[in-house]
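Enquirer: Prediction below, plus the sequence it came from.
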Amino acid sequence: MLSLLSVASEAFPFVKTGGLGEVVGALPAALAREGIATTTMLPGYPKVMDALRDGTIVHSYDFLHGAPAHLLAGRAGALEVLVLDAPHLFTRPGNPYVAPDGNDWPDNAQRFAALGIAAADAARGAVTGFAPDIVHAHDWQAALAIALLHYSAGRRPGTVMTVHNLAFQGKFARDLLPSLGLPPHAFSHDGVEYYGDIGFLKAGLALADRITTVSPTYAAEIRSTEHGMGLDGVLRHRAGVLSGILNGIDTEIWDPATDAHLVAPYDARRLGRRATNRAALQARLGLDADAGALLVGVVSRLTWQKGMDLLPEALPALLAMGGQLALLGSGDFVLEEALAAAATANPGRIAVTIGYDETLAHQIQGGVDALLVPSRFEPCGLTQLCALRYGAVPVVARSGGLADTVIDANEMAMAAETGTGVVFAPGSVEALGFALERVAAMRRNTREWLQLQRRGMKTDVSWTRPAQQYAALFHALAAERIG
Ligand code: ADP
Ligand code: GLC
């Protein structure tokens, strides 16, 4: 069994702000089937501490960024975990990154430096009996572990940096350097230096043995100045070790045949039952009980990345064709306000739920005709995978993982029986409007629409193939290091 230390700032079901948490929570079980034993290192947020079972202290710090701290080994849910119990850093309510005043916690550098330090120590043998072959760091919050391992002597496992979203980079003032446990020469172009400051993600990208991101298209996109967000230079330099592995979803949690959130569970042979879910969703959200209307769903963070600012402008096109919108999301206040205003102006046609609601997310997937994901950029995206599995036809922007997971149902694709959704150019209200018109027209052809839904439902969105790809990468890296 290969031993893997996965390091991350969130993991479902304890703490999740988006897809990152889902991936970190689900990948270990899939990797176990590929002969890889994962230990997941997480910050000791209140919800993680509550979930921890059989926690025992396996390493202690007299002083870690402000106060004593401990590493606890145990289990949390289905995960084997190492938890960094540092109350001065992590005993805080709510969102893991953002303070109640809406700003990032001012000590995020210290909080996630501590996570990196603990991960590097564990990887180097601080925990008796634990000697991982590979350290897998997720996003900037975990990236410092890779730099610390690079610059230290002694045991060093293989390192893999996975980018879930290049927009979040962990850039901090350079005077932090002495507190990070890094030597002065780490502050260099091929180290942690990033435009005169310190870049946690930059360091991980510069120094990891392998870099992965969550779709092949995003792996290519981020090497361009347009999508590289300042890191494209490093990524071009490291293109030889960069690859894309798609995300999967937990096909037990997301299974329309057994989904307890749905009024009428269903499968590809009983798609008629979706009408019951659709009616229940319309009733719950106060939408008109109109069986003929194209019902479009959105489940998303409300941000510029997700193209949510395009939505208010595209709504007239949807309304003009008699369509309805069921939106669930939260995020930028301005976008929340704009979408809520659209709902107020169009009662019975547009329903906007601001907040986070797992049940409603499932009910939207199980009830809407089409699920819209108009992202400007999308490393992978999980909601379109859920939509495929639920027979909600995905309508997605041609970007990153959206482009890699949805096959546009153009005439040729329909003739070849391969289309699974509608794909349109990102960043344009007009293209979004046309895409909605296309969906409405496709839905009028009942036979083809059913084919489209069934093909989507047959698409393999599980973790099986991605886990095989990660396993191949981890095994190859481990073999290389043994020599
Ligand atoms: P990102 O991580 O960029 O936000 P993903 O599509 O990878 O996007 O993952 C988002 C996950 O969070 C999906 O599983 C989606 O269903 C879920 N999600 C997003 N917003 C909400 C919400 N308001 N309520 C419930 N689930 C949500
Ligand atoms: C990020 C990306 C999203 C991806 C998720 C999990 O949040 O925005 O596209 O699916 O990470 O990898």
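Expert: Sure thing, it's come through. Ligands and ions are numbered 1, 2, ... in the order given.
Enquirer: how about the residue of the chain found nearest ligand 2, what does it touch?
Expert: Per CB to the nearest ligand atom, G19 is where the chain lies closest to ligand 2, at 2.7 Å. From N, CA and C alone the C-beta is placed, and that goes for glycine too. Going by CB atoms under 8 Å, 6 or more residues apart in numbering, G19 touches 164, 214, 247, 380-382.
Enquirer: And for P216?
Expert: Contacts of P216 (CB under 8 Å, 6+ apart): 243-244, 246, 404.
Enquirer: Look up phi and psi at A280.
Expert: When read as degrees, to the nearest 10, the backbone of A280 gives phi -60, psi -40.
Enquirer: swap that for I36, please
Expert: phi -120, psi 120.
Enquirer: Break the protein down into its domains, please.
Expert: 2-248+464-482, 271-458 (automatic domain parsing).
Enquirer: Need those domains in CSV (columns: mean pLDDT).
Expert: Shown next, in CSV, are the domains of the chain (pLDDT from 0 to 100):
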stretch, mean pLDDT
domain 2-248+464-482, 96
domain 271-458, 97
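Enquirer: so which of those gets nearest H261?
Expert: Ranking the domains of the chain by proximity to H261 (CB to CB) places domain 271-458 first, at 3.8 Å.
Enquirer: what's the span of the closest one, first residue to last?
Expert: End-to-end distance for domain 271-458, by CA to CA, to the nearest Å: 13 Å.
Enquirer: ok, back up a step: among the contacts of G19, who's most crowded?
Expert: G381 (30 neighbours; other CB atoms under 10 Å).
Enquirer: how about the host helix or strand of M412: buried residues?
Expert: Using DSSP states H and E, M412 maps to helix 411-415. Applying a neighbour-count criterion of 16 or more other CB atoms under 10 Å, one finds 413-414 buried in helix 411-415.
Enquirer: Filter the contacts of P216 down to the buried ones.
Expert: Buried members of these, scored by 16+ other CB under 10 Å, are 244, 246, 404.
Enquirer: I'd like the distance between the first one and G456.
Expert: Translated: G244. 22 Å (CB to CB, to the nearest Å).
Enquirer: T39 now?
Expert: Distance, T39 to G456, using CB to CB: 35 Å.
Enquirer: out of these two, which sits in the more crowded spot?
Expert: Remark: of T39 and G456, G456 carries more neighbours, 26 against 19, as counted by other CB under 10 Å.
Enquirer: Might one say that that one is in contact with V396?
Expert: No: judged on CB atoms under 8 Å, G456 makes no contact with V396 at a distance of 11.8 Å.
Enquirer: Quick check: neighbours shared by those two?
Expert: With CB under 8 Å, 6+ apart, G456 and V396 have common neighbours G421.
Enquirer: So for ligand 1, which of the domains of the chain sits nearest?
Expert: domain 2-248+464-482 (2.2 Å).
Enquirer: Determine how far the closest one lies from the middle of the whole chain.
Expert: 14 Å (CA atoms, centre = their mean, to the nearest Å).
Enquirer: How about it and ligand 1, any contact?
Expert: Yes: Domain 2-248+464-482 lies within reach of ligand 1 by CB under 6 Å from any ligand atom, at 18-20, 22.
Enquirer: any idea which element the residue nearest to H362 when sequence neighbours are not counted lies in?
Expert: Leaving aside its sequence neighbours, H362 sits nearest to H261 (CB to CB, 6 or more residues apart in numbering; 3.8 Å). Using DSSP H and E, H261 sits within no helix or strand.
Enquirer: Tell me which residues touch H261, please.
Expert: 358-359, 362-363, 366.
Enquirer: ok, and what's touching stretch 222-235?
Expert: Applying CB under 8 Å, 6+ apart, the set of residues contacting stretch 222-235 from outside is 163, 166-167, 169, 194-195, 201-202, 205-206, 211, 213, 218, 221, 236, 239, 242, 377.
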